[in-house]
Structure formats: structure tokens, C-alpha cells
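Novice: can you look at this prediction? I've put the sequence above it.
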Amino acid sequence: MKATAVAHANIALVKYWGKRDEALILPEAGSLSVALDRLRTVTTVELGGGRDVFELDGEPQDPARVRAFLDAAGIREKARVVSRNDFPTAAGLASSASGFAALAVAACAAAGQKRSAEELSALARLGSGSAARSVPGGWAVWEGESARQVHPPEHWDLRFCVALCAAGPKTTGSRDGMRASRETSPYHAAWIEQCRRDLPEALRLLALRDLPGLGALAERNALRMHADALAADPPLLYWEPATVACLQALRELRAGGVPAWPTIDAGPHVVAICAAPDAKQVEMRLRALGGVKEVLTCSPAGGARVVVPL
Ligand code: DP6
């Protein structure tokens, strides 16, 4: 009746930004991501107490979203869920992907449910869409009901330098942001069509380990997602001055012969994609920028799994 699981957050190179079914959290287009080793959530689920309890990083939280998720998993027993993020959540780094992936795996193990990897991914999706990709981990594609690993983490030893560009949590969450873009942005249909073209091309470049090709595609895809968000009514502006400083610094690095490309989720933080030997230089350059609070350099990681707690 008790189990612990770990899961990693993921960064999308072809983004999910639009749902074709809001209740079932089904995406309008497929997405591609990689799991990041240093962005990790550890969650313990214990079933059978008198009431639901949810604790995140030592602080009690409203257990409503966790309860709704357990109901969807067919778990009726009261649960004590204790979750810890190994990265600064207060800074607004996405934790819902690793959080719901770890919760899905720990809760099903605690309840003695035997679900396939595909079923666990589909379940995690009901908590947060991007969590579907954190279940298989590695290089993962999410189309339809569940995500699958298309390459293991070892396929390509790239680095992802996560530059924290703001201190507080973001203003408009992904859920509301993508709904607003879908309903009010005149560019939304074009954005979705672009993602449908980007995914097969990104998979081809990933299989070839073509960094200039995939890096440039990831930058274009992210900026087009933000163009869609900027075109919403009212407009969604996720960037801070430090975000733009990072984009420009990466352009300068490339002009100077250091290959590194940015991607940005629905927030101010920039993730620089580069080869392992260049990571130190990219990290130092981003760290030196005013407004960049911290840079966490990550490697590709595996999927969500049950662990024996220390
Ligand atoms: C910009 O998975 O957080 O990070 O499904 O509504 O919970 P919900 O949204 P969420 O959205 C992630 C959006 C993104 C792009 C991506 O990760 O693909």
C-alpha cells in the first residue's frame, strides 16, 4: 500500500500547444521531447489513511488535483502523497510533467495495479499533457493517447543548459495559455500545421544526430509557439528581459563558432541545446547575463520508475 517513484521533467523540441479534447487532454498535434536528468521529482504514495494529504517540498497543499487524478486511476482509498522536486519550483520551472509521471507510477504501484508503460503514460496525461512524455522518458514522442520512447537517453549525449530568467511563478499557466491561443490567436491553425510538418523532420534529424538541423528546428518551433501566444487576445507575453538576452547571447555564440540553440516553454526560462564539449562555455555565457539567476546543465534521462526509498 506504499510505493515511491521518480520521474524527470522533459523539454519539448516540437511543442504541444493546443488540445483537440480538453477533458481527455488530447493534443492537436504530436510533440517530441527529451527527459532532463537534473529536473527530478520523487513521490511517495501511501494508501489507506483517514483523509487525503498532499505535501510538496515539505509544504501541505490542497489535495484536490491529486484526488481527481487518483479517481481517474480507479483508486478510491485515501492517500498520503509526499512529493519532492530536486529543482527550484518556486522559480516557475515546470514540475507538472515530472510530478504527474511520478504520481502515476507510485500510485499504481501502491494500489497493486499492473499497467503497461503505455497505460501509465496515458494515465499521467490526464494529470498534465506533457507528463505523458515523462513516463517513457528518453527521447519521447506523444501523439494521441500516450507517449513512447523513440530513442533511449544514450542515443545522443547532448546537453541542455536551463537558464532561470525569473524568480516568481509564471502568470498564465500552460492550460489557460494554450486554450486562449487556440480560441483567440489568428495564427493558431498555422501553428498546428507547422507542428505536423516539424515532427517528422525533427525525428529524421534526431535519428541522424544532426545538431545544427535539430537545434535550428527547435528554435523556430519554440518562437512560433510564442508567436501564437503573443497573438492571443489578450496577448500572452511569457518573456522577461533576461529571456531576450539569452536568445541574443546564443546567436552571438553561434556566430563565434559555438553551436547552441534555444527553446522556451510557456515561461521566461531559456533552455540552450548544445553538444557536451561546448556545455561549459554555453553555461558560463548565460550565467554572465544580467537577470539570469541560475543555469542548470542537464543530460538526457530515462523514464519514470519505482524506486526503493533511502
Ligand atoms: C509549453 O502539459 O503543462 O511546455 O496538458 O494543460 O497540463 P496541460 O499542459 P502542460 O503544457 C506544456 C506546454 C509546453 C510545451 C510542451 O511541453 O510540449
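Specialist: Perfect, thanks for sending it. Numbers count the residues shown, from 1 in each chain.

Novice: would you mind naming what in the stretch 201-310 of the chain lies close to the ligand?
Specialist: 265-266 (C-beta under 6 Å from any ligand atom). Bear in mind the C-beta positions are built from the backbone N, C-alpha and C, glycine included.

Novice: which residues in the stretch 201-310 of the chain form helices?
Specialist: Along the stretch 201-310 of the chain, the stretches classed as helices by DSSP state H, counting those that start in this stretch are 211-230, 241-255, 279-287.

Novice: tell me the SS of Ala122?
Specialist: helix (DSSP: H, G, I helix; E, B strand; the rest coil).

Novice: which SSE is Phe69 in?
Specialist: helix 64-72 (DSSP states H and E).

Novice: what pairs with whatever helix or strand comes next after that helix, parallel or antiparallel?
Specialist: As assigned by DSSP H and E, the chain's next helix or strand after helix 64-72 is strand 79-85. Strand 79-85 pairs in its sheet with strand 31-47 (antiparallel), strand 53-56 (parallel), by DSSP bridges.

Novice: mind checking how far the following helix or strand past strand 79-85 is from the chain centre?
Specialist: Downstream of strand 79-85, the first helix or strand assigned by DSSP H and E is helix 96-110. Chain-centre distance of helix 96-110: 14 Å, with C-alpha atoms, centre = their mean, to the nearest Å.

Novice: now stretch 138-157
Specialist: On C-alpha atoms, centre = their mean, the centre of stretch 138-157 falls 13 Å from that of its chain.

Novice: ends of that stretch, how far apart?
Specialist: Using C-alpha to C-alpha, to the nearest Å, one end of stretch 138-157 lies 11 Å from the other.

Novice: before we move on, back to that, for Ala72, which of the strands paired with strand 79-85 is the nearest?
Specialist: Nearest of those to Ala72, taken as C-beta to C-beta: strand 31-47 at 14.3 Å.

Novice: for the closest one, buried residues please.
Specialist: Going by neighbour count (16 or more other C-beta atoms under 10 Å), the buried part of strand 31-47 is 31-37, 39-47.

Novice: out of those residues, which are close to the ligand?
Specialist: Okay, of the buried residues of strand 31-47 touching the ligand (C-beta under 6 Å from any ligand atom), that's Ser31.

Novice: show me which of the buried residues of strand 31-47 is closest to the ligand.
Specialist: Top of the list for closeness to the ligand, among these and by C-beta to the nearest ligand atom, is Ser31 at 4.6 Å.
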